[in-house]
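*Asks:* give me coordinates for this.
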Amino acid sequence: MVIAEPIIETSGLDVRFGRQHVLRDLSLVVPRGQCLAIIGESGCGKTVLLKTMIGLVGPHRGFVEFDNQRIDQLSERELAQQRTRFGFVFQNSALFDSMTVAENILFPLQQHRGHQRTSHEDEMLARLAEVGLPASVLRKRPAELSGGMRKRVGLARALVMQPEVLLYDEPTTGLDPIVSDVINELMMRTRSSYDVTSIIITHDMKTARKVADRVVMLYPLSRLDPDEQQIIFDGKPTEIDQTSDRRVSQFVRGEAGDRLMEMREGIT
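*Replies:* You can find the predicted model right below:
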């Protein structure tokens with residue numbers, strides 16, 4: 001079996017905000033073309049890890065390599081250029097309320113490839129069609145769209161630069177089961193249509209099982225011993241139900257279990 005070369009690699013990441021220790025000695029390799037789901041309860045550092053991977057958060061120790069380049073050794077201009085190789089699908093879509101759908105989708109192209117709107121419209125329409133939205137939404141503003149439609153506009157905007165890496169932060173949060181599955185299908189379709197590496201931050205085990213080919217689970221440092229690794233599971237989605245780690249199985253099944261006992265004892 002041929003293992004793809006890494007596109008993102010973290011080595012010994014240590015991230016703190018004041019006295020709050022979020023990531024500790026975290027090392028992770030993401031091969032090119034992989035779809036990785038990062039799961040774990042709120043506050044375990046999933047989104048911080050995502051932000052550290054693209055240089056929005058700087059680690060106290062350790063480093064991140066993207067395509068064999070340490071991002072902490074890049075200039076601001078070089079880092080900005082590398083970020084154009086990423087697409088971002090944010091938890092709340094993060095669309096500009098004052099802009100139309102068309103202006104939101106075109107925004108990355110205009111920022112990085114100039115302001116020739118007419119020359120970019122074919123690209124915009126193609127991405128809109130890929131996420132299953134009609135051209136009639138282009139004049140609307142985000143407030144006029146449903147949550148699922150906003151998510152799809154966010155995905156269209158992420159795809160318009162034809163990124164090498166797609167980062168999804170809770171892509172199905174706040175959506176009903178049917179719309180959530182529409183988003184899952186779109187993520188799968190995107191992966192089959194583009195030569196793209198995907199990293200998905202999610203609490204949704206259906207998303208992790210259906211879309212990802214690898215699942216990593218993080219655990220909050222406040223509930224780990226000093227010598228315990230923060231990654232408590234790393235494997236295929238089909239393997240996660242066979243784990244002997246109660247913390248993983250309780251999270252996967254959505255059971256309070258030991259967590260309820262900890263809360264009763266005053267452990268956060």
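
*Asks:* Three-state assignment for the spatially closest residue to residue 161 that is not a sequence neighbour, please.
*Replies:* Sequence neighbours aside, residue 108 is the residue nearest to residue 161 in space, at 5.1 Å (criterion: CB to CB, 6 or more residues apart in numbering). Bear in mind the C-beta positions are built from the backbone N, C-alpha and C, glycine included. Following DSSP: H, G, I helix; E, B strand; the rest coil, residue 108 is assigned to helix.

*Asks:* against residue 90, how distant is residue 108?
*Replies:* Using CB to CB, to the nearest Å, residue 108 is found at 13 Å from residue 90.

*Asks:* same question, residue 71
*Replies:* Taking CB to CB, one finds residue 71 at 20 Å from residue 90.

*Asks:* equivalent analysis for residue 33, please.
*Replies:* For residue 33 relative to residue 90 (CB to CB), the value is 23 Å.

*Asks:* could you do residue 188 as well?
*Replies:* Remark: distance between residue 188 and residue 90 (CB to CB) = 20 Å.

*Asks:* cool, and residue 175?
*Replies:* Per CB to CB, residue 175 is found 14 Å from residue 90.

*Asks:* for the residue positioned nearest the centre of the chain, phi and psi?
*Replies:* Nearest to the mean C-alpha position of the chain, by CA atoms, centre = their mean, lies residue 168 at 2.9 Å. Dihedral pair for residue 168: phi -110, psi 120, per degrees, to the nearest 10.

*Asks:* that one: what's it in contact with?
*Replies:* 89, 187, 198-202 (CB atoms under 8 Å, 6 or more residues apart in numbering).

*Asks:* give me the number of residues near the residue nearest to residue 4 when sequence neighbours are not counted?
*Replies:* Of all residues not flanking residue 4 in the chain, residue 31 sits nearest, at 4.0 Å (CB to CB, 6+ apart). If you count neighbours by other CB atoms under 10 Å, residue 31 ends up with 15.

*Asks:* just residue 144 next, same as before
*Replies:* Residue 144: 12 surrounding residues under other CB under 10 Å.

*Asks:* any idea how far it lies from residue 153?
*Replies:* Distance from residue 144 to residue 153, by CB to CB: 11 Å.

*Asks:* could you do residue 6 as well?
*Replies:* Computed as CB to CB, the residue 6 to residue 153 distance reads 31 Å.

*Asks:* those two - which one has more neighbours?
*Replies:* More crowded of residue 6 and residue 153, by other CB under 10 Å: residue 153, with 25 against 17.

*Asks:* do you know the pLDDT at the more buried one?
*Replies:* Residue 153 is assigned a predicted lDDT (pLDDT) of 94.

*Asks:* now do the SS call for it.
*Replies:* Residue 153 ends up helix, using three-state DSSP.

*Asks:* please apply the same query to residue 12.
*Replies:* Following three-state DSSP, we place residue 12 in the strand state.

*Asks:* from what I can see it touches residue 24, true?
*Replies:* No - judged on CB atoms under 8 Å, residue 12 makes no contact with residue 24 at a distance of 9.2 Å.

*Asks:* more neighbours, these two?
*Replies:* residue 24 (20 against 13).

*Asks:* ok, and what's touching the helix or strand encompassing that one?
*Replies:* If you go by DSSP states H and E, residue 24 is part of strand 20-31. Under the criterion CB under 8 Å, 6+ apart, residues 3-16, 36, 45, 48-49, 52, 59, 62, 197, 199, 216, 218, 221, 229-231 lie in contact with strand 20-31.

*Asks:* report the buried members of those.
*Replies:* Using 16 or more other CB atoms under 10 Å as the burial test, those include 6-11, 13, 15, 36, 45, 48-49, 52, 59, 62, 197, 199, 216, 218, 221, 230 as buried.
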